[in-house]
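1. I'd like to go over a predicted model; first the sequence, then the structure.
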Amino acid sequence: MMLHFTKMHGLGNDFMVVDLVTQRARLDAELIRRLADRRFGIGFDQLLLVEPPTRPDVDFRYRIFNADGSEVENCGNGARCFARFVLDQRLTTRREISVQTAGGDLQLRVAGDGRVRVDMGQPRFAPADIPLNAEAPASAYSLDHNGLEVTFDALSMGNPHAVIDVASVDSAPVAQLGPAIEAHPRFPHRVNVGFMEIVAEDRVRLRVFERGVGETLACGTGACAAAVSGIRRGLLTSPVSVTLPGGELTIEWANQATSVIMTGPAVRVFDGRIAI
Ligand SMILES: N[C@H](CCC[C@H](N)C(=O)O)C(=O)O
């Protein structure tokens with residue numbers, strides 16, 4: 001069959017977006033890996049599926065698959081592209097869109113200037129919610145990597161994140177430490193690894209080694225996790241500007257009992273179709 005798709009990105013974190021409201025297709029992990037390949041396939045960091053809701057109180061179901069074929073709970077940059085896509089495809093006329101994900105519900109709002117505001121829900125800190133093997137919640141954990149003690153914060157944005165403070169993202173050991181922590185046994189579902197450089201109380205630089213992908217140009221949930229980590233440790237004040245290699249996101253978080261709000265761009269690159 002021919003599968004219609006749209007290539008999109010959020011600050012260079014790139015996606016294959018598929019409308020499964022008006023199309024029918026089954027995409028298993030092996031096919032997803034093949035489609036994700038940047039030479040033999042379409043090439044993307046994540047596949048985003050737009051599906052009819054399974055509950056009456058949301059507009060769509062939003063499913064996310066990493067390039068390695070693993071299905072995951074959330075994708076922030078993808079959520080902004082999801083909102084742009086369903087409006088462009090006329091799958092809705094609403095500019096306030098609610099979606100269900102495996103990690104919880106998201107509220108998407110498309111602004112007049114094309115930027116998208118996403119209510120990402122509340123962060124979760126209990127080790128069991130991340131999940132992280134740890135005796136009790138803390139704002140600083142440590143693990144051993146080749147005899148080196150690595151200190152990190154950890155939380156869930158629906159998906160798991162570790163946040164490591166670094167003096168400079170330019171010299172951060174992303175390629176060495178990223179994969180080691182992603183697959184560390186302390187994280188039973190693996191983890192996204194953020195390297196955060198605090199520039200000012202309202203500004204950070206960030207690089208993210210994403211679970212199931214590797215380093216990406218931007219990570220929306222990673223930007224949320226980094227900002228939340230800095231705010232709750234008293235190092236940052238909301239709103240926080242997060243500068244990633246692909247560009248800048250604004251993250252707001254008032255306090256533990258409120259949602260994290262992420263605002264940023266969503267870009268449509270091209271439409272295509274592929275035989276599967
Ligand atoms: N790699 C992530 C999913 C995509 C997150 C990222 N692309 C974003 O914008 O939040 C995970 O395995 O949880």
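-> Yep, it's here. Here the structure is a predicted model, which means the values were calculated and not measured. Residues are numbered from 1 along each chain as shown.

2. I181 against A162, yeah?
-> Yes: counting by C-beta atoms under 8 Å, I181 touches A162, with 5.7 Å between them. For glycine as for every other residue, the C-beta is placed from the backbone atoms N, C-alpha and C.

3. so which bits of the stretch 51-200 of the chain are right by the ligand?
-> Within the stretch 51-200 of the chain, the positions near the ligand by C-beta under 6 Å from any ligand atom are 64, 66, 72, 75-78, 159, 192.

4. for the spatially most central residue of the chain, grab phi and psi.
-> In the chain, the C-alpha closest to the average C-alpha coordinate belongs to C75, at a distance of 3.3 Å (C-alpha atoms, centre = their mean). Comment: the main-chain dihedrals of C75 come out as phi -160, psi 110, following degrees, to the nearest 10.

5. that one and N255, how far apart?
-> 25 Å (C-beta to C-beta, to the nearest Å).

6. please apply the same query to G194.
-> Looking at G194 against N255, where the rule is C-beta to C-beta, the gap reads 21 Å.

7. tell me which of these two has more neighbours.
-> Taking G194 and N255 together and counting by other C-beta atoms under 10 Å, G194 has the greater number of neighbours (33 against 8).

8. G220 is in contact with that one, correct?
-> No: between G194 and G220 no contact is recorded; they are 11.5 Å apart, counting by C-beta under 8 Å.

9. ok, back up a step: CSV for the residues of the stretch 51-200 of the chain next to the ligand, including secondary structure?
-> CSV is the format used below for these (DSSP: H, G, I helix; E, B strand; the rest coil):
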residue, secondary structure
I64, strand
N66, strand
V72, strand
C75, coil
G76, helix
N77, helix
G78, helix
N159, coil
N192, strand
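
10. top of those by neighbour count?
-> With neighbours set by other C-beta under 10 Å, the maximum within those is found at N77, which has 35 neighbours.

11. okay, the residue lying closest to that one once chain neighbours are set aside: pLDDT?
-> Sequence neighbours aside, G10 is the residue nearest to N77 in space, at 2.9 Å (criterion: C-beta to C-beta, 6 or more residues apart in numbering). According to the per-residue confidence, G10 scores 98 in pLDDT.

12. dump the residue contacts of G10.
-> When contacts are counted by C-beta atoms under 8 Å, 6 or more residues apart in numbering, G10 is found next to 76-78, 80-81, 218, 220, 246, 264-267.

13. over to Y62?
-> For Y62, the contacting residues are 48-51, 78-79, 82, 99-101, 106, by C-beta under 8 Å, 6+ apart.

14. can you confirm it is in a strand?
-> Yes: counting by three-state DSSP, Y62 is located in a strand.

15. what's across from it in the sheet?
-> In this structure, Y62 bridges to V50 when assessed by DSSP bridges.

16. could you measure from it over to the ligand?
-> In this structure, Y62 and the ligand are separated by 12 Å, where distance is defined by C-beta to the nearest ligand atom, to the nearest Å.

17. same deal with D271?
-> Counting by C-beta to the nearest ligand atom, the gap between D271 and the ligand amounts to 21 Å.

18. give me the phi and psi for the closest residue to R55 other than its chain neighbours.
-> Of all residues not flanking R55 in the chain, Q100 sits nearest, at 6.2 Å (C-beta to C-beta, 6+ apart). Main-chain dihedrals, Q100, degrees, to the nearest 10: phi -100, psi 140.

19. I figured Q100 hits P52, correct?
-> No: checked against C-beta under 8 Å, the pair Q100 and P52 is beyond contact range at 10.6 Å.

20. which residues are in contact with each of the two?
-> 60-61.

21. so for the two, which sits in the more crowded spot?
-> Neighbours per residue (other C-beta under 10 Å) separate Q100 from P52, with Q100 holding more: 19 against 11.

22. now do the end-to-end distance for stretch 161-174.
-> According to C-alpha to C-alpha, to the nearest Å, stretch 161-174 extends 14 Å from its N-terminal end residue to its C-terminal end residue.

23. tell me the buried residues in that stretch?
-> Buried residues in stretch 161-174, defined by neighbour count with 16 or more other C-beta atoms under 10 Å: 161-166, 169, 172, 174.

24. could you do stretch 129-149 as well?
-> Buried residues in stretch 129-149 (16+ other C-beta under 10 Å): 130-132, 137, 141, 143.

25. show the pLDDT at the residue nearest to the centre of the chain.
-> C75 is assigned a predicted lDDT (pLDDT) of 98.
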